[in-house]
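Asks: Return atomic coordinates for the entry below.
(4 chains)
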2 protein chains.
Amino acid sequence: MRLSRKSEYGLRALLELTKAYDQVALRRSDIAAAQHVPVGFLETILLELKRAGILGSRPGVQGGYRLIKPPEDVSVGQVIRILDGPLAPIPCVSQTAYQTCRDCPYSRTRDCPIQNVMFDVRNAIAGVLDGYTLRAFYDRNRNRRVRKSPKRRGNSPLSSTQGTSDPQ
Amino acid sequence: MRLSRKSEYGLRALLELTKAYDQVALRRSDIAAAQHVPVGFLETILLELKRAGILGSRPGVQGGYRLIKPPEDVSVGQVIRILDGPLAPIPCVSQTAYQTCRDCPYSRTRDCPIQNVMFDVRNAIAGVLDGYTLRAFYDRNRNRRVRKSPKRRGNSPLSSTQGTSDPQ
DNA sequence: ATATAGTTTAGAAAAATTATTAAGAATTAC
DNA sequence: GTAATTCTTAATAATTTTTCTAAACTATAT
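Replies: The predicted model follows:
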């Protein structure tokens, strides 16, 4: 259930690119330095984000990468899907990349217990990540959620202001 | 964000063991056959669940594995933690296995955007998985959640998820 | 004692993740 | 044009994690 380095690096890079949105292009080396990520790896990540239509780039002197979509229109969920694939814990509950299970004893009955649980998990994850825009991700103290209040637990929408209540 | 085979196999095995709860012990070979999982791998999985106190076992003729905790008292989240480790996408938001990030540029400010997002994800995942008992997992059409549904049918003891780590 | 079945450790095999390299192509400045 | 800069692409190396196997060992019941 772990977030890959790839997605982590990608999100860190997007933090920088959101900051520079509508201003300057950032060189991969600048991004790598600012966020302490290996420049070579970052390269492949930025390329993937470019192919996905989130980033634009230009070679040459004033070149570099820039965010070409408004940060309000890109969700963290989208980014992770691009870099890591579907959010769903198992393919048979993915909305964006559904696949039947190959050797599940329940695949005939259409009522697999694991599928049932993981369906809820998938929705819980997507509910959080698809509701988080890059904008909210960047200036992280307000406007965090873009959608109406999440249905997870009866908390108030902004309840997890979480000024870092030290976990554990 | 994927569920490992290990956890999947473990949960499948627990499905069989829940069915046989308070009745018979199941041999690993029986479980492996019923759920189409490699018997050698299953072995190590069952052992881990045993060490964690969820299963008991006995060698010899009428031997095998059996669930030694009431299925009402074991959550799917517990099982996955035992087999796969923390539910949290990154260690710095884990409630059960917190670790500081080693090279995060934000680790000083105590206000890391990634940490903020993943904190919510962690809680969303744990909210689902810790609310799902083995009992609900097994007879999956009713009483799915243990927390939200006040009406329990039958006379099950239900000491309400004693072992599950309470998120928050 | 014997057959049955779990226990334990080590580690092999396979897959996924993480990263590097190097040659190439586009852009700008001059 | 040429040179400097910076992205582009593909191949692949390195590392880690996951998945699985093997074999010797121990416990239980009859």
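
Asks: Would you map the helices across chain A?
Replies: Ranges of helices in chain A, per DSSP state H, are A:5-19, A:28-35, A:39-51, A:76-84, A:113-129, A:134-138.

Asks: which stretches of chain A aren't confidently modelled?
Replies: By pLDDT under 70, the low-scoring segments of chain A are A:102, A:107-110, A:141-168.

Asks: let's go with 90 and repeat that
Replies: Confidence mapping of chain A against pLDDT under 90 gives the ranges A:1, A:99-112, A:139-168.

Asks: Name the residues of it found near DNA strand C, please.
Replies: By Cβ under 7 Å from any atom of the strand, the residues of chain A that approach DNA strand C are A:4-6, A:9, A:37-41, A:43-44, A:58-63, A:84. (Glycine included, C-beta is placed from N, CA and C.)

Asks: ok, of these, which come out buried?
Replies: Buried members of the residues of chain A next to DNA strand C, scored by 16 or more other Cβ atoms under 10 Å in any protein chain shown, are A:Lys6, A:Tyr9, A:Val37, A:Asp84.

Asks: Contacts only, for the last one.
Replies: Spelled out, it's A:Asp84. A:Leu3, A:Ser4, A:Lys6, A:Ser7, B:Met1 (Cβ atoms under 8 Å, 6 or more residues apart in numbering or on different chains).

Asks: Ok, the third one next?
Replies: With contacts taken as Cβ under 8 Å, 6+ apart, A:Val37 has the following neighbours: A:Tyr9, A:Arg12, A:Ala13, A:Ile31.

Asks: roughly how far apart are the first one and chain B?
Replies: Read that as A:Tyr9. Distance check for A:Tyr9 against chain B: by Cβ to the nearest Cβ, to the nearest Å, it reads 10 Å.

Asks: Apart from its neighbours in sequence, what residue is nearest that residue?
Replies: Spatial nearest neighbour of A:Tyr9, chain neighbours left out: A:Val37 (4.4 Å); criterion: Cβ to Cβ, 6 or more residues apart in numbering or on different chains.

Asks: burial count for A:Lys19?
Replies: 15 (other Cβ atoms under 10 Å in any protein chain shown).

Asks: distance of it from DNA strand C?
Replies: A:Lys19 sits 22 Å away from DNA strand C, going by Cβ to the nearest atom of the strand, to the nearest Å.

Asks: Check A:Gly53 too.
Replies: On the measure of Cβ to the nearest atom of the strand, A:Gly53 and DNA strand C end up 17 Å apart.

Asks: Kindly report the same for A:Leu49.
Replies: 15 Å.

Asks: Is that residue in contact with A:Leu55, as I believe?
Replies: Yes - using Cβ atoms under 8 Å, A:Leu49 is in contact with A:Leu55, at 4.6 Å.

Asks: Show me how chain A divides into domains.
Replies: Using automatic domain parsing, the domain parsing of chain A gives A:5-71, A:75-151.

Asks: Residue of chain A nearest DNA strand D, please.
Replies: Nearest residue of chain A to DNA strand D, counting by Cβ to the nearest atom of the strand: A:Pro59, 3.0 Å away.

Asks: Phi, psi for that residue please.
Replies: Backbone torsions of A:Pro59, given as degrees, to the nearest 10, read phi -80, psi 170.

Asks: cool, and the one 3 residues further on?
Replies: Dihedral angles of A:Gln62 (phi, psi; degrees, to the nearest 10) stand at phi -90, psi 20.

Asks: Excluding chain neighbours, give the residue nearest to it in space.
Replies: According to Cβ to Cβ, 6+ apart, the nearest residue to A:Gln62 is A:Ala25 (6.7 Å).

Asks: Quick check: the one you found vs B:Ile45, distance?
Replies: From A:Ala25 across to B:Ile45, the span is 50 Å (Cβ to Cβ, to the nearest Å).

Asks: for A:Ile125, same thing?
Replies: According to Cβ to Cβ, A:Ile125 and B:Ile45 sit 24 Å apart.

Asks: got the residues of chain A near DNA strand D?
Replies: Taking Cβ under 7 Å from any atom of the strand, the part of chain A that reaches DNA strand D is made up of A:2, A:25-29, A:43-44, A:46-47, A:50-51, A:57-61, A:63-65.
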